[in-house]
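>>> A predicted structure for the sequence below; I have some questions about it.
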Amino acid sequence: MKFIPIIQLIALFCYCYYGVAQELQSPNGALKLLFSLEKKGRPTYQLDYKSQAVIKPSHLGLELKDAKALMDDFVLVGSKTKSFDETWTPVWGETKTIRNHYNELEVTLKQKRTERLLRLRFRLFDDGLGLRYEFPQQENLVYFVLKEERTQFAMAGDHTAFWLPGDYDTQEYDYTTSKLSEINEKFDAAVTENTSQRQFSKTGVQTALMLKTDTGLYINIHEAALLNYACMHLNLDEKHMTFESWLTPDSNGDKGYLQAPCKSPWRTVIVSDDARAILASNLTLNLNEPCAIEDTSWIKPIKYIGVWWEMITGKSSWSYTNELPSVQLGVTDYTKVTPNATHAATTKKVKDYIDFAAAHGFDAVLVEGWNEGWEDWFGNSKEDVFDFVTPYPDFDVEVLRDYAASKRVKLMMHHETSGATRNYERHMDKAYQFMNANGYNAVKSGYVGAIIPRGEYHYSQYTIKHYQYALEKAADYHIMVNAHEAVRPTGICRTYPNLIGNESARGTEYQAFGGSNVNHVTILPFTRLIGGPMDYTPGIFEMDIRVLNPNNTSHVNSTIANQLALYVTMYSPLQMAADLPEHYSAHKDAFQFIKDVGVDWDESLYLEAEPGAYVTVARKAKGTQDWFVGHVNGAATRSTDLKLDFLDQGKTYAATIYTDAANAHYKNNPKAYEISHQEVTNASHLKLTAVPGGGFAISIKAMP
Ligand code: NOJ
Ligand code: CA
């Protein structure tokens, strides 16, 4: 490792034409931040990478409701710099340890007319910038309401962007790839999801936003440590190519209720001339606080199967009965109605899944549709749909608890909240106690539909506080959380590692709802995964959904080799094998990779990457000498000469290589794969070809 002297921390005090300017460099000197107070005392920053502009001079500030904005009229009253270098050990992760190395500039500003203080903190890492607002304790600013945060990110050109429309309620979109100047014109076509309260600004996009410049710079804009604050979207001023923060409003249209002392989340800009460095960046995690949970021994990565895909595809149902259009919790007597023949969560079926999990080494079985209320769920935004503790008559909690325990398999709880956050909070203690009593140590929660209380959005401050409440309370009960439809993550799993997964993007379920873009999985690592792991639910082997449900003509836009690769390219300590047991039994040889692949890692190497085109990752499984490689490919056939030079010198390994067959294709021949075996060393090269929507997966096991 190159030694970088701390002396490279430069805080340059100078007086330029407009006022105070201060410069900060990253530890290796590649990134430079310039902070200044422009005329009228407006806080302004700019960021360069290897002398190229990443962020041109951009203003910082906030508008307040019924009070003078914190945007100008500032003087500098204090400034500090520091250097920080520490290595920490995550509870689970892509690497055994993580280095947190940055130079920091803290500036304290005073607004002349109001005497209010605002502090700005900048952290410059070798791979990017974090900046945030801090509101120190003071007499002239105590309780305040945000009208808008006005953080600008002025772009240096008309970059290529991989973007999602700025919906306040969902990220479950395919990405649109376009020039920044085309976002406006392509916006309406990009809006394909149909949430009931859709509202966003015309040119708003979501983060993490991935950009590529014409000169080959990769820039990623996101946020870190989103707690007690609204989620940030970005509005583009096309004329000036400038993004500005746009916070998710609450039901009154306000953007945040704050009380000093407090701080905003970090606004992050990850930058590199190498796309692989964006994927390898730990900046988002590093900007979060260390682990807040003292005893983490109960937090464990999970590989699981579930009574799930059959419902998603429409083969089976969540609901117990078709007889009742609506039910009343605690009053409706389910024993008096005829069960639906396709109800999936039966004791018998769940036992079969437990057997399959035990036979193939899975840690857990997720069961959805086990509890009363699903008759009311579809498309409804009702307050008291679920109580999270009352099973349907054909689901015997105690029998399954004992059966699962006897097979050393965990059952994974499912809480569909129906978006009713207060209803969930009211039932939460009892729901978590029920889990403790019945052997469940992880919950998949879900927030489908409009949020209740009405008018709140999935990404507003109110709802973000709810997700956090659910997470912290779960930690009290030693429960791991995998929240679907919650806000996209911002690295808070460092602080609360019981947040073992999130969906919060377009997952595999959409392959059963009409399909996803063929290059979707080559973009997600650059966008959604920047904030933390995703419960993407890979592992589909039967791509023709009509096989499961003749009325569902959807097609999974992926080959089997691509599905295998996802276990490596889509990092997550929680990985599902989502397809039905019988589809795995039909392809036992390919299924072997899913059984073997790790879920927790000592090392991760991003070997090849280009957003929208391909990603190749090698990971070394925790506590072993075994490596797993995954490569996902976009729309064009691609060959690669894969060097295995990351393997230990002098060691021989047994490689099992799962590739697309030459005639495979995601659309018309997705199940064609080949498996070969070979002894390899760190001098080996593998010449491999991936077809459109294809990929490859390799397990490399150290030989004794
Ligand atoms: C949407 C989730 O993403 C999916 O996994 C779940 O099965 C349904 N909601 C029902 O809760
Ligand atoms: Ca979802």
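Noted; the coordinates are in hand. Ligands and ions are numbered 1, 2, ... in the order given.

>>> So which bits of stretch 578-587 are buried?
Across stretch 578-587, burial judged by 16 or more other Cβ atoms under 10 Å covers Ala578, Asp579, Leu580, Pro581, His583, Tyr584, His587. All C-beta atoms are positioned from the backbone trio N, CA, C, and that covers glycine.

>>> Which pLDDT value belongs to the residue of the stretch 101-250 of the chain found nearest ligand 2?
The stretch 101-250 of the chain approaches ligand 2 most closely through Glu172 (5.6 Å), counting by Cβ to the ion. Note for Glu172: predicted pLDDT of 96.

>>> residues contacting it?
Each residue near Glu172 by Cβ atoms under 8 Å, 6 or more residues apart in numbering is listed here: Glu193, Glu485, Ala505, Arg506, Gly507, Tyr510.

>>> secondary structure element for it?
Using DSSP states H and E, Glu172 sits in no helix or strand.

>>> I'd like to know which of the contacts of Glu172 are buried.
Glu193, Glu485, Ala505, Arg506, Gly507, Tyr510.

>>> Take these and lay them out in CSV including distance to Asn288, pLDDT and secondary structure.
As requested, the buried ones among the contacts of Glu172 are exported to CSV (distance: Cβ to Cβ, whole Å; pLDDT from 0 to 100; DSSP: H, G, I helix; E, B strand; the rest coil):
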residue, distance to Asn288, pLDDT, secondary structure
Glu193, 29, 75, coil
Glu485, 22, 97, coil
Ala505, 19, 98, coil
Arg506, 25, 98, coil
Gly507, 24, 98, coil
Tyr510, 29, 98, helix
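
>>> so how far is stretch 432-450 off the chain centroid?
20 Å (Cα atoms, centre = their mean, to the nearest Å).

>>> and which of the buried ones among the contacts of Glu172 is nearest to Asn423?
Among those, Glu485 lies closest to Asn423 (Cβ to Cβ), at 15.3 Å.

>>> you'd agree the closest one is up against Ala505?
No: using Cβ atoms under 8 Å, Glu485 is not in contact with Ala505, being 10.2 Å away.

>>> out of the buried residues of stretch 578-587, which are inside strands?
The members of the buried residues of stretch 578-587 all map outside strands under DSSP state E.

>>> would TSV of the residues you listed with distance to Lys643 and pLDDT be doable?
Shown next, in TSV, are those (distance: Cβ to Cβ, whole Å; pLDDT from 0 to 100):
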residue	distance to Lys643	pLDDT
Ala578	32	98
Asp579	32	98
Leu580	37	98
Pro581	37	98
His583	34	98
Tyr584	32	98
His587	29	98
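
>>> Mind putting these into TSV with distance to His685?
Formatted as TSV, those follow (distance: Cβ to Cβ, whole Å):
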residue	distance to His685
Ala578	33
Asp579	33
Leu580	37
Pro581	37
His583	33
Tyr584	32
His587	28
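
>>> for those, which one is nearest ligand 2?
Ala578 (12.9 Å).

>>> For burial, what's the neighbour tally of the residue lying closest to the closest one once chain neighbours are set aside?
In this structure, Ala578 finds its nearest non-sequential neighbour in Thr537, 4.2 Å apart by Cβ to Cβ, 6 or more residues apart in numbering. Thr537 sits with 28 neighbouring residues when counted by other Cβ atoms under 10 Å.

>>> Distance of Thr537 relative to Gly93?
Distance, Thr537 to Gly93, by Cβ to Cβ, to the nearest Å: 20 Å.

>>> so Tyr173 makes contact with Trp163?
No: Tyr173 lies out of contact with Trp163 (Cβ under 8 Å); the separation is 9.3 Å.

>>> what residues are shared contacts of the two?
Listed contacts common to Tyr173 and Trp163 are Ala190; contacts here mean Cβ under 8 Å, 6+ apart.

>>> ok, these two, which is more surrounded?
Trp163 (28 against 21).

>>> Look up phi and psi at the more buried one.
Phi and psi for Trp163, reported as degrees, to the nearest 10, are phi -130, psi 160.

>>> what about dumping the CA coordinates of stretch 281-301 to PDB?
C-alpha atoms of stretch 281-301 as PDB (Å, rounded to 0.1, in the frame of the first residue of the first chain):
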ATOM      1  CA  SER A 281     -16.200   2.600  -2.300                       C
ATOM      2  CA  ASN A 282     -17.000   2.400   1.400                       C
ATOM      3  CA  LEU A 283     -17.600   6.200   1.700                       C
ATOM      4  CA  THR A 284     -21.300   5.800   2.400                       C
ATOM      5  CA  LEU A 285     -20.700   3.300   5.300                       C
ATOM      6  CA  ASN A 286     -17.800   5.400   6.600                       C
ATOM      7  CA  LEU A 287     -20.000   8.500   6.900                       C
ATOM      8  CA  ASN A 288     -22.400   6.600   9.200                       C
ATOM      9  CA  GLU A 289     -21.800   6.200  13.000                       C
ATOM     10  CA  PRO A 290     -20.200   3.100  14.400                       C
ATOM     11  CA  CYS A 291     -22.300   0.200  15.500                       C
ATOM     12  CA  ALA A 292     -24.900   1.200  18.100                       C
ATOM     13  CA  ILE A 293     -25.700  -2.400  19.100                       C
ATOM     14  CA  GLU A 294     -23.500  -3.700  21.900                       C
ATOM     15  CA  ASP A 295     -24.100  -7.500  21.500                       C
ATOM     16  CA  THR A 296     -24.200  -8.400  17.800                       C
ATOM     17  CA  SER A 297     -23.700 -12.100  18.200                       C
ATOM     18  CA  TRP A 298     -27.300 -12.700  17.100                       C
ATOM     19  CA  ILE A 299     -26.900 -11.000  13.800                       C
ATOM     20  CA  LYS A 300     -26.100 -13.600  11.100                       C
ATOM     21  CA  PRO A 301     -26.100 -13.500   7.300                       C
END
